[in-house]
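1. how would this look folded up:
(4 chains)
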There are 4 protein chains.
Amino acid sequence: MCRWLAYSGSPVLIEDLLYKPKHSLIVQSLSSELGAEPTNGDGFGVGWYGRPETPGLFRSAEPAWNDRNLRDLATHIESPLVFSHIRASIGSPVQQTNCHPFRHGRWLWMHNGYLDGFASMKRDLMMAVDADLFPSIEGSTDSELFFFLALTFGLTEDPPAAVARAVGLIEETARRHGVGFPVQMTVATTDGETIWGFRYSSEGRSRSLFHSTDVSTLRHQYPDNPVLHGLSDETRLVVSEPLGDLRGAWREVPESTCVIVHGGSEELRAFQPELGA
Amino acid sequence: MCRWLAYSGSPVLIEDLLYKPKHSLIVQSLSSELGAEPTNGDGFGVGWYGRPETPGLFRSAEPAWNDRNLRDLATHIESPLVFSHIRASIGSPVQQTNCHPFRHGRWLWMHNGYLDGFASMKRDLMMAVDADLFPSIEGSTDSELFFFLALTFGLTEDPPAAVARAVGLIEETARRHGVGFPVQMTVATTDGETIWGFRYSSEGRSRSLFHSTDVSTLRHQYPDNPVLHGLSDETRLVVSEPLGDLRGAWREVPESTCVIVHGGSEELRAFQPELGA
Amino acid sequence: MCRWLAYSGSPVLIEDLLYKPKHSLIVQSLSSELGAEPTNGDGFGVGWYGRPETPGLFRSAEPAWNDRNLRDLATHIESPLVFSHIRASIGSPVQQTNCHPFRHGRWLWMHNGYLDGFASMKRDLMMAVDADLFPSIEGSTDSELFFFLALTFGLTEDPPAAVARAVGLIEETARRHGVGFPVQMTVATTDGETIWGFRYSSEGRSRSLFHSTDVSTLRHQYPDNPVLHGLSDETRLVVSEPLGDLRGAWREVPESTCVIVHGGSEELRAFQPELGA
Amino acid sequence: MCRWLAYSGSPVLIEDLLYKPKHSLIVQSLSSELGAEPTNGDGFGVGWYGRPETPGLFRSAEPAWNDRNLRDLATHIESPLVFSHIRASIGSPVQQTNCHPFRHGRWLWMHNGYLDGFASMKRDLMMAVDADLFPSIEGSTDSELFFFLALTFGLTEDPPAAVARAVGLIEETARRHGVGFPVQMTVATTDGETIWGFRYSSEGRSRSLFHSTDVSTLRHQYPDNPVLHGLSDETRLVVSEPLGDLRGAWREVPESTCVIVHGGSEELRAFQPELGA
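-> Next up, the predicted model:
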């Protein structure tokens, strides 16, 4: 049900994130090992921060492995914060407006998972979106609507609280519609400075999520590894599945956890839905 | 702002409707003469009735003039009732789910025009859609939402009344949002047996709409015209702009009118919004 | 490296061939079991014969499993002879003109496999194509060029001989360029009346190919199977991999063999390249 | 028959070239004033030079005015040398590999015009392409083949001479095939440092081509124009049609002329085909 990657650190070529790793996101689009489906060919997207106020966004309904424009872009664009996502749709149309990341102002959002019973809940959930935000909804996915609920609950002020309230609302709505375990998610969101990653599911069995070990720690473990010497100390990645198989380089994000990446530091916090929002 | 064509009569090859006429819809996609924009390259669609319960639908975000698959299809599919539409978008994304005709069960719907102030009215209008119909909305256009409002107001029972109520609701909603002349439309809808065409605008200056003169009448006027001898007496077309320049073959549908085509007969009725629906 | 299906028999809905079988071609596009790659998402195509002189063709660079237009078409078009192909590209661009089947006049052609060393041989092979046929080459694949070599060697007169000469030329050209095992193929070609299927490779280890057992024979084996009772006696399929798991329904086409399907009958002949053509 | 733009000067955002001017290339894609066809919706491309060895390339078969990815890219990429082209096809398929600019190593090439009688000449012309270059031909256009003929005749060593020889060969080949006026062209090519623009046609009635007046000269003419003060003195543009209507800012490139732009300087030379190459 999709795979994604979030990077924060010194500016890197997008190519270094999407194509170079042994088990890169492009490789995962053809055959992911830990995702719900092996193939993620229903579109992809890349968002990156640079000089302009708002992040750049490149989204396409084509499978990622085919895209020559993406390949070229990736060799020419450098960025200190990059989001990328490959999609495996379970129903909603494959179209550019349904590809992640979604963007609103300076914010980006990606989601791996689904909102179960979405068709029956969609109307109620759409009504909970702030009237001023409503016209900005472009697609038809649960993921995008989830983003707009988080925005409604103050994502730009306090992301963990906003996401907690959004999940709370979805779970209450689901109860009314008789849906048992509505939320399945790993989510990443950012304002271009900080990355917030979330791993949670109503059932307690969430999609995979990993975060990278501190680079200086890894250099001690692998003093001869040339790749590590090329990475800056601020390098941080949060990913659906590891990009390579260097032991110790990737640690699983626990269930019901929010991981916050800012500059070169990282923090893990417990995450749970907030009801009555 | 789009062009469309609705055909009813003996089964014809789709090619005969889309490609053969001198000023065919494909020609209009490159350069329409009477439309709001000359180029209508933001997607197209064809819907046709055959043996299956529901009509077939072929929609693409690509410009119509480029499409080889459409060309091939058109030479192989024969149908007694065909809807076709070429799109010029004024804002909403160009994607397959935003191309007309829209389909719901056995019904098709096409629209040339717009709902002014749609961004501000969208939320209210979406809330007016029947809860059971709501999950079927796939795209983000005013045209598709208009279709679902008509369905909510009983399109499948009494199309002219349903469209009148939908327009009434839109105009009342517009008043609340300070929009002066919200509705600009020519609309065609069908259940595969009857075609209902509408020409109306809040301002009283509607997009062009024509209906074809009775073929037997035309044969008397042009006894030597070979094309006319090939057409069956039941041939009826309702179009945004004439497909050819044979004088007398096309008559304008007046403002605020509903034209009903069934079998070989045709009827014009006054059309006005119904308030308080 | 692609999968394909060729059907001959009473007219059937394309949907019955592409979507209904348990292991349909659409399923194979997501995860084929016997192909060189599991995913075949680099485009697809369907060709079918009907009333017009030339067969209809629908090809798209999009993955087959996503395509709504294909789904609709398939429910509305009936044909007595259908070719369909899903593609896994190993280098040449993913574009409509590189999708199979290829069409020339009344003939269709599909290929699973490759011509090894194609880049170095391409110029020589293109020069071997008849000057009158040359302008009709639209894409950049080895498969299409192979088709045009077969046409040059008289495909429309004697397909087995023409394909034998084409393979012979390719192998001779390969020798000059130091390519050891140039040809890897299963090929299907048809004029709308007869289907010729080929299984051959220079190395003697060819891609999978199966043909269906006579339906009346199967009915004796499975007297209670309702699907079989629905099939006509003339039903014949030649496929890259079986569409279902009914034992005895599918027999492997041997290496170096040409299978000829005409009406309700079938013939297998030895196939080998013809040199010095 | 297409429109293009070539920029050389201080690094600028691609957005400033493609979107900001009053009569920008994006506007021209919807309605060009001087082109052979008003609409150029059969694809577009942008090539730009940056840090990597080879230029970046973004090409799409979609109409330029629709493309959101292009819009985003354009706001994020800055470059000192940019080529951009919008296409109106007159026959060859609309696909990414047929969009300009074409790239070979560090070189880019764009063409407005056609090679008349191409279908009959194609085989001969393809055979004149160097065997080592041949496998790099990806599409089916006359424009790309023209590029490869120029490469064969030493484009990377002496572009004016190479183009002269290529045109000479095409005209000689045309004579053999009874084509009267084979070449219609404005062409731009670059190695990332220098831009060579050509305006020539066998008939002497070539597609429009303009080059920009020296910026410091314009500043004297329009001391109050804010846009001019923002432009660097090295700014040079060679374009199919003027991007704005500032009088004196654009001068027509004469028939049979090669314009060479390097750094801040510019040179015009006579151009004529070279025979017997």
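2. contacting residues for A:A74?
-> Residues near A:A74 by CB atoms under 8 Å, 6 or more residues apart in numbering or on different chains: A:L13, A:I14, A:E15, A:L18, A:Y19, A:V46. C-beta: built from backbone N, CA, C; applies to glycine.
3. is it possible to export those residues to a markdown table including secondary structure?
-> Rendered in a markdown table, the data for the contacts of A:A74 read as follows (DSSP: H, G, I helix; E, B strand; the rest coil):
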| residue | secondary structure |
| --- | --- |
| A:L13 | strand |
| A:I14 | helix |
| A:E15 | helix |
| A:L18 | helix |
| A:Y19 | coil |
| A:V46 | strand |
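4. strands along chain A, start to end?
-> Assignment of strands within chain A using DSSP state E yields the ranges A:3-13, A:44-48, A:56-60, A:78-86, A:102-104, A:107-115, A:183-190, A:194-201, A:210-212, A:236-239, A:250-252, A:257-262, A:265-270.
5. name the helix or strand of chain A that has the lowest mean pLDDT.
-> The least trusted helix or strand in chain A, going by mean pLDDT, DSSP states H and E, turns out to be helix A:226-230, with a mean of 72.
6. show me where the stretch 1-150 of chain A dips below the pLDDT cut-off.
-> A:1 (pLDDT under 70).
7. for it, what lies in contact range of chain D?
-> Within the stretch 1-150 of chain A, the positions near chain D by CB under 8 Å from any CB of the partner chain are A:48, A:50-52, A:56-60, A:68-69, A:72-73, A:75-77, A:96.
8. filter the residues you listed down to the buried ones.
-> Neighbour counting by 16 or more other CB atoms under 10 Å in any protein chain shown classes A:48, A:50, A:56-60, A:68-69, A:72-73, A:75-77, A:96 among the residues of the stretch 1-150 of chain A next to chain D as buried.
9. can you list the residues of the stretch 1-150 of chain A near chain B?
-> For the stretch 1-150 of chain A, the contact set with chain B under CB under 8 Å from any CB comprises A:93, A:95-97, A:119-120, A:122-123, A:126-127, A:131, A:134-135, A:137-140.
10. ok so, going back, for the contacts of A:A74, which single residue is the most surrounded?
-> Each of the contacts of A:A74 was scored for neighbours by other CB atoms under 10 Å in any protein chain shown, and A:V46 scores highest at 31 neighbours.
11. got a list of what that one touches?
-> A:I14, A:L18, A:L57, A:F58, A:R59, A:L70, A:L73, A:A74, A:V82, A:F83, A:S84, A:P101.
12. at 6 Å what do you get?
-> A:F58, A:S84 (CB atoms under 6 Å, 6 or more residues apart in numbering or on different chains).
13. how close does it sit to D:I170?
-> A:V46 is 41 Å from D:I170, where distance means CB to CB, to the nearest Å.
14. which secondary structure elements does the lengthiest helix in chain A contact?
-> Counting by DSSP state H, the longest helix found in chain A is helix A:159-176. Under the contact criterion of 3 or more CB pairs under 6 Å, 6 or more residues apart in numbering or on different chains; DSSP states H and E, helix A:159-176 touches helix A:142-152, strand A:183-190.
15. save those as JSON lines, and put in distance to C:F210 and mean neighbour count too.
-> Formatted as JSON lines, the helices and strands packed on helix A:159-176 follow (distance: least, CB to CB, whole Å; neighbours: other CB atoms under 10 Å in any protein chain shown):
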{"stretch": "helix A:142-152", "distance to C:F210": "41", "mean neighbour count": "25"}
{"stretch": "strand A:183-190", "distance to C:F210": "39", "mean neighbour count": "25"}
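16. show me the one of the ones you listed that comes nearest B:D191.
-> helix A:142-152 (32.2 Å; CB to CB).
17. gap between that closest one and the chain center?
-> In terms of CA atoms, centre = their mean, to the nearest Å, the centre of helix A:142-152 is found 13 Å from the chain centre.
18. okay, angle between it and helix A:159-176 too, please.
-> Per axes from the mean of the first three to the mean of the last three CA atoms, to 10 degrees, the angle that helix A:142-152 makes with helix A:159-176 is 120 degrees.
19. mind giving me CSV with the helices and strands packed on helix A:159-176 and columns for distance to A:G41?
-> Formatted as CSV, the helices and strands packed on helix A:159-176 follow (distance: least, CB to CB, whole Å):
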stretch, distance to A:G41
helix A:142-152, 17
strand A:183-190, 20
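20. touching, A:A164 and A:L275? I think so.
-> No - counting by CB atoms under 6 Å, A:A164 sits too far from A:L275 to count as a contact (9.2 Å).
21. who's more crowded, those two?
-> A:A164 (22 against 12).
22. now that one: closest residue in space that isn't a chain neighbour?
-> Leaving aside its sequence neighbours, A:A164 sits nearest to A:E274 (CB to CB, 6 or more residues apart in numbering or on different chains; 4.0 Å).
23. just give me the neighbour total for the closest residue to A:G192 other than its chain neighbours.
-> Nearest residue to A:G192, sequence neighbours excluded (CB to CB, 6+ apart): A:Y49, at 4.3 Å. A:Y49 is flanked by 23 other residues according to other CB under 10 Å.
24. quick one: A:G192 and A:W48 touch, right?
-> No - counting by CB under 6 Å, A:G192 does not reach A:W48; the two are 9.4 Å apart.
25. quick one: name the residues of the stretch 1-150 of chain A near chain C.
-> Within the stretch 1-150 of chain A, the residues that sit near chain C (CB under 6 Å from any CB of the partner chain) are A:T39, A:G41, A:P63, A:N66, A:V94.
26. need the contact list for the first one.
-> For A:T39, the contact set (CB under 6 Å, 6+ apart) comprises C:T39.
27. got it, and the last one?
-> Contacts of A:V94 were listed using CB under 6 Å, 6+ apart, and they are A:D42, A:G43, A:A61, C:N66.
28. was I right to think the third one contacts A:G43?
-> Same thing as A:A61. Yes - between A:A61 and A:G43 there is a contact under CB under 6 Å: 4.5 Å.
29. quick one, which of the two is more surrounded?
-> Ranked by neighbour count (other CB under 10 Å), A:A61 and A:G43 place A:G43 first, with 27 against 24.
30. for chain C, give me its nearest residue in the stretch 101-250 of chain A.
-> A:S140 (13.7 Å; CB to the nearest CB).
31. which non-adjacent residue is nearest that residue?
-> Once flanking residues are discounted, A:S140 sits nearest to A:S92: 5.0 Å by CB to CB, 6+ apart.
32. so how many other residues sit close to the one you found?
-> The tally of other residues near A:S92 (other CB under 10 Å) stands at 20.
33. list the contacts for it?
-> Per CB under 6 Å, 6+ apart, neighbours of A:S92: A:N98, A:S140, A:T141.
34. could you measure from it over to C:V27?
-> Taking CB to CB, one finds A:S92 at 21 Å from C:V27.
35. swap in A:V94?
-> Going from A:V94 to C:V27 by CB to CB gives 17 Å.
36. likewise for A:L231?
-> Noted for A:L231: a distance of 42 Å to C:V27, by CB to CB.
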